[in-house]
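> sequence below, structure please.
(2 chains)
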Protein chains: 2
Amino acid sequence: MVYRVGLLGLGTVGTGVVQMLQQPQHPLLQAVEIAAVGVRSLDKPRQVRIPPERLTTNLEQIVSDPEIDAVIELMGGLEPARSLILKAIDHGKPVITANKAVIARHGEEIFQAAAQAGVAVLLEAAVGGGIPIVQALQHSLRASRIQAVWGIVNGTTNFILSQMAQQGSSFAEALAQAQARGYAEADPSADVEGWDAADKIAILAGLAFGVAVPREAIPCEGIRNISSTDIRYAREWGYTFKLLAIAQRAAAQGSETVLDVRVHPTLLPVTHPLANVHGVDNAVWVQGDPLGQVVLAGPGAGQGPTASAVVGDLLTLRAHLQTGAYLPNPLWGFFGRAAALLPLAELESEFYVRVLAQDQPGVMGAIGTCFGRHRVSLESITQKECHQEQAEIVILTHTVREADCRQALAEIQQLPQVAAIPSLFRVLR
Amino acid sequence: MVYRVGLLGLGTVGTGVVQMLQQPQHPLLQAVEIAAVGVRSLDKPRQVRIPPERLTTNLEQIVSDPEIDAVIELMGGLEPARSLILKAIDHGKPVITANKAVIARHGEEIFQAAAQAGVAVLLEAAVGGGIPIVQALQHSLRASRIQAVWGIVNGTTNFILSQMAQQGSSFAEALAQAQARGYAEADPSADVEGWDAADKIAILAGLAFGVAVPREAIPCEGIRNISSTDIRYAREWGYTFKLLAIAQRAAAQGSETVLDVRVHPTLLPVTHPLANVHGVDNAVWVQGDPLGQVVLAGPGAGQGPTASAVVGDLLTLRAHLQTGAYLPNPLWGFFGRAAALLPLAELESEFYVRVLAQDQPGVMGAIGTCFGRHRVSLESITQKECHQEQAEIVILTHTVREADCRQALAEIQQLPQVAAIPSLFRVLR
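Numbers count the residues shown, from 1 in each chain, chains lettered A, B, ... in the order given. Sure, this is the predicted structure:
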């Protein structure tokens, strides 16, 4: 029996999906027919052959067409993607999506609608491209008590940081290289500000901890402020800079699950499994009890890997339908009640701080005293290079409360000998 | 409704499974009851509390008991595991197993029986411990055309090789350390001869390529012959030694799928993702089209990780049953028709060869001439250290036919200046 899918969007990933379905690798995909493709313009030249009568600009029609068995949403963005997904669900159609933004912000609404309608929503392609992290978190790894999920989930920023580390480039130079290679967009904000990574960690945290993570509440810092100086100093101490998306259990507060979820540049020991993920690759590190530590790594974006994940979901869906199931698999991504997030001020972390100060006796003492006054104990305070009587002082703290560290820095900023505090980054081990 | 499982075996992993089920992490596991545990001795002290009336030495009874909903086989070995699994299937019970040996050698029989009976057989724990590689190969990654699966799938040998590389130990010293830490058994043959890895690659190849791989036909070389000298020389050229389990498509011969499946020590560039997997960790590298390259890494054995994979399968099974399905998922590991394996003689590979010869003018020329006569082109031939007028000559070949290389070596062995050829290893990039 023919299985008729409707595609919303025929960009890079959509084209890849059509190519894969035109040469199906698995017998269960052979009966799949691309019955309709919703596009913005009918006249645009395409790299794949689709019968013209199957192309339409009427996307609403696809999601409500009774002849369509399943909808694959590859448009990206919040609207009209959200409304079309909800309408497809409303019409009893399972949905496969690669749209991290819409799941991160409207996942709860979408999964609730799907549960009520009794249809599946699959999203392997929304995080980590070809890396099968979504399915792993939904099934096998869920038997353990997951403690932490850390990810390098944005290829653009990982490329930029890799270039800066390997070539000694500045952020601006590395960004220009990423743009030249098509890894970064003309407006790179969603990547370099960490918003894309925050979307993805909201989804991974939802899967790993079975909760709904409020996307807007995730603290998010980008990589614009990392200088090649910081990268050099970090390396001297055995650290590398990565834009990490972090989700982990915070200390339990009563019966409530409190999660520590955040996205920011992080100093990671060069021996950490995530430290050796270079270029546009992505990787997700999962720590669970009694699972231990597992890492999944690979191409986090791009036509082939992302299309592979989309078609993998279609295969999963087809197989599911062959079993006589009349309900979606309960492990497929229904997020539970909302999680409380740990406020950043209450975070306990180690910090890397770089201070510019006059090269005078007593300045290190003055800085150390400020830290001490705010219960910030230090692992090291080192005077580095000196330019025109200005000294660079680099500090590594022990594990301290973030609020304490920031109060100490506010005071240090006021010291007469201190010119500026250009860098403050968190350190993870 | 209570879901009653019968456990066959209460060793390390069985104990871990009981502990996890006594503190279930997922709501779907809360209704699971350990109704019976088959053991060899009723009197042995146990680390978990099981009501004595549920312990039995009558394993046949468990697999035929109409009150038991599913069977978890954790005995290992071929018999009676095979017969008990088949009997459980025959009685309509789904089976979860961590037994790589029985699946590698009797997988076809077991999956055929399961298909006929319409029950599931799940085996995440059989390969890679807590690494969710089985499910990934069954579902998401299967949408791509898999080209190659390379794995470090035996933790004992990876520990030994890591010790040899990092400490400069001999094989015997490193093996003794592995035994002292409980990583290697008193008779370490199954690990160090590569038999365990061959079981696992037979399973991974079956999953990745949808074929039955004849376990006995897999060429298998262990790590006993690797010397610290070879490890040192390899490092000078930027290579590290790993016991790789390899399964990849060979050139198509007509319509038949010909697979290149083998287990042997391999020189791998230090930049390869598998080169940085150290100690008892496992990792599997999958290359597919259009997927690209994906690596899954983590604890390949041990109580917690393996129990986590077993309970993950139980979770998968429970979820499946909640959907109203009356057939097992067709992606769950039914191997297709038998694959033809490429004979090792026809393999095209690069080789590392170490020759002991008299330190005389002309010996390098004589060796080079022998290689040339057999169409073995060389990348480099280098005279290394010299002991008591005996020179060590190390050769790296270009990609050549294995049969040609071996014929050349048989001839080199006969050269009057050549004392021995202690090392011949394959090189992969």
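
> please count neighbours and contacts with C-alpha atoms only from this point.
Fine.

> residue A:60 and residue A:85 touch, don't they?
No. The criterion here is Cα atoms under 8 Å, and residue A:60 misses it with residue A:85 at 9.9 Å.

> please identify which of the two sits among more neighbours.
residue A:85 (28 against 17; other Cα atoms under 10 Å in any protein chain shown).

> quick check: that one is in a strand.
No. Read with DSSP: H, G, I helix; E, B strand; the rest coil, residue A:85 is helix and lies in no strand.

> quick one: residues contacting it.
A:63, A:73, A:95, A:110 (Cα atoms under 8 Å, 6 or more residues apart in numbering or on different chains).

> now the second one: phi and psi?
Phi and psi for residue A:73, reported as degrees, to the nearest 10, are phi -100, psi 120.

> what subset of the contacts of residue A:85 is buried?
The neighbour-count test (16 or more other Cα atoms under 10 Å in any protein chain shown) marks A:63, A:73, A:95, A:110 as buried among the contacts of residue A:85.

> in helices, which of those residues fall?
A:63, A:110 (DSSP state H).

> pick the one among the buried ones among the contacts of residue A:85 closest to residue B:426.
Using Cα to Cα, residue A:73 is the member of the buried ones among the contacts of residue A:85 that sits closest to residue B:426, with 46.0 Å.

> what is the helix or strand bottoming out on mean pLDDT in chain A packed up against?
When the helices and strands of chain A are compared on mean pLDDT, DSSP states H and E, strand A:378-387 comes out lowest with a mean of 86. Under the contact criterion of 3 or more Cα pairs under 8 Å, 6 or more residues apart in numbering or on different chains; DSSP states H and E, strand A:378-387 touches helix A:363-373, strand A:390-397.

> so what are the domain limits for chain A?
Per automatic domain parsing, the structural domains of chain A span A:3-130+A:304-330, A:133-299, A:347-427.

> let me know which of these is the nearest to residue B:55.
In terms of Cα to Cα, the element of the domains of chain A nearest to residue B:55 is domain A:133-299, at 24.4 Å.

> give me the nearest residue to residue A:143, chain neighbours excluded.
Sequence neighbours aside, residue B:312 is the residue nearest to residue A:143 in space, at 4.8 Å (criterion: Cα to Cα, 6 or more residues apart in numbering or on different chains).

> just the strands in the stretch 201-350 of chain A please.
Taking DSSP state E, counting those that start in this stretch as the criterion, the stretch 201-350 of chain A contains strands spanning A:239-249, A:258-269, A:281-289, A:292-299, A:340-341, A:348-358.

> chain B contacts on the stretch 101-250 of chain A?
Counting by Cα under 8 Å from any Cα of the partner chain, the positions of the stretch 101-250 of chain A adjacent to chain B are A:130, A:131, A:132, A:135, A:136, A:139, A:140, A:141, A:142, A:143, A:144, A:145.

> how about the first one, secondary structure?
Spelled out, it's residue A:130. Here residue A:130 is recorded as coil under three-state DSSP.

> ok, the fifth one next?
Residue A:136 falls in the helix class when you classify it by three-state DSSP.

> could you check how many residues crowd around it?
Taking other Cα under 10 Å as the neighbour definition, residue A:136 ends up with a count of 22.

> quick one: average pLDDT of stretch A:220-239?
Averaging pLDDT along stretch A:220-239 gives 95.

> between the two ends of it, what distance do you get?
21 Å (Cα to Cα, to the nearest Å).

> measure residue A:288 to residue A:39 for me?
Residue A:288 sits 43 Å away from residue A:39, going by Cα to Cα.

> same question, residue A:318
Taken as Cα to Cα, the span from residue A:318 to residue A:39 is 25 Å.

> swap in residue A:398?
Shown here: residue A:398 relative to residue A:39, a distance of 54 Å by Cα to Cα.

> with residue A:299 instead?
26 Å.

> kindly report the same for residue A:331.
Between residue A:331 and residue A:39 the computed distance is 32 Å (Cα to Cα).

> listing partners with orientation, what would you give for the host helix or strand of residue A:419?
Under the assignment given by DSSP states H and E, the secondary-structure element containing residue A:419 is strand A:418-427. Paired strands of strand A:418-427, with direction, are strand A:258-269 (parallel), strand A:348-358 (antiparallel) (DSSP bridges).
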